[in-house]
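> Give the three-dimensional model of this entry:
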Amino acid sequence: MPHTLNAARPSSLGLEAFLAHYGDIFEHSPWVAETAWKQGLTTQHDDADVLADTMGAVLRNAAIDEQIAVIRAHPDLAGKAALAGELTQDSTREQAGAGLDQCSTEEFERFQRMNQAYQDKFGFPFVIAVKGLDRHAILAAFETRLENDAATERQTAIDQIIQIARFRLHVRAEMAE
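Below you'll find the predicted structure:
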């Protein structure tokens with residue numbers, strides 16, 4: 001079933017309006033949406049999946065330092081920004097949906113240890129599309145992905161960011177129905 005972005009059809013928007021509606025899809029990285037818009041959007045891009053694929057291709061084709069900057073724009077899971085209420089609205093909703101706002105003290109401490117170990121190894125935060133996952137599955141993914149080499153993990157993080165963008169666009173399409 002297509003997920004049509006009816007309220008603000010990407011193909012019909014000028015750059016400023018497009019960025020107002022979709023510039024935040026990639027966490028604190030509106031350049032991804034801007035680059036996609038500048039490549040030209042057709043009515044096919046009014047579908048959330050097509051737009052996600054197009055914006056995802058922009059990120060995949062970006063220089064490594066630009067990719068890492070997008071990864072670094074993401075908050076730690078169950079981290080200090082969440083505790084301080086400093087997450088974006090999308091990140092707050094996503095982390096709460098995975099139950100990360102309900103961690104026990106022990107789980108919270110484990111997230112902190114895993115976040116630090118991951119950051120120490122890769123130099124960027126652990127990013128995972130949390131929709132459909134609970135905190136136990138996320139912690140298990142942490143353990144598995146800590147075994148990756150840097151190039152594999154950067155690619156995995158990019159894949160996860162594109163999945164997060166897809167989920168965010170689907171939410172916007174559903175809200176427009």
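
> which stretches of the chain form helices?
15-22, 30-39, 48-60, 64-72, 80-83, 89-97, 105-122, 135-145, 150-176 (DSSP state H).

> looking at these, which has the lowest confidence?
The stretch with the lowest mean pLDDT among the helices of the chain is helix 80-83, at a mean of 58.

> ok so, going back, residue 129 is nearest to which of the helices of the chain?
Among these, the nearest to residue 129 by CB to CB is helix 150-176 (3.9 Å). Backbone N, C-alpha and C define where each C-beta goes, glycine included.

> how far out from the middle of the chain is the closest one?
5 Å (CA atoms, centre = their mean, to the nearest Å).

> What is that helix packed up against?
For helix 150-176, the elements it packs on are helix 48-60, helix 64-72, helix 89-97, helix 105-122, judged by 3 or more CB pairs under 8 Å, 6 or more residues apart in numbering; DSSP states H and E.

> Could you pull out the buried residues of the last one?
Of the residues in helix 105-122, those scored as buried under the neighbour-count criterion (16 or more other CB atoms under 10 Å) are 107-108, 110-111, 114-115, 118, 121-122.

> cool, the first one as well?
Judged by neighbour count using 16+ other CB under 10 Å, the buried positions of helix 48-60 are 48, 50-56, 58-59.

> List of residues touching that helix?
2-5, 10, 22, 25-26, 32-33, 35-36, 39, 41, 44-45, 67, 70, 158, 161-162, 165-166, 169-170, 172-173 (CB atoms under 8 Å, 6 or more residues apart in numbering).

> before we move on, the earlier item: would you turn the buried residues of helix 105-122 into a markdown table with distance to residue 128?
Output for the buried residues of helix 105-122, formatted as a markdown table (distance: CB to CB, whole Å):
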| residue | distance to residue 128 |
| --- | --- |
| 107 | 16 |
| 108 | 17 |
| 110 | 15 |
| 111 | 12 |
| 114 | 11 |
| 115 | 12 |
| 118 | 11 |
| 121 | 16 |
| 122 | 13 |
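
> With adjacent residues omitted, what lies nearest to residue 134?
Leaving out its chain neighbours, the residue that sits closest to residue 134 by CB to CB, 6 or more residues apart in numbering is residue 99, at 5.4 Å.

> isn't the one you found right up against residue 137?
No: taking contacts as CB atoms under 8 Å, residue 99 lies outside contact range of residue 137: 10.2 Å.

> wouldn't residue 9 be in contact with residue 42 here?
No: assessed by CB under 8 Å, residue 9 is found out of contact with residue 42, at 10.7 Å.

> who has more neighbours, these two?
Each of residue 9 and residue 42 has its neighbours counted (other CB atoms under 10 Å); residue 9 has more, 17 against 10.

> which residues does residue 22 contact?
Contact analysis of residue 22 by CB under 8 Å, 6+ apart lists 8, 10, 33, 51, 55, 169.
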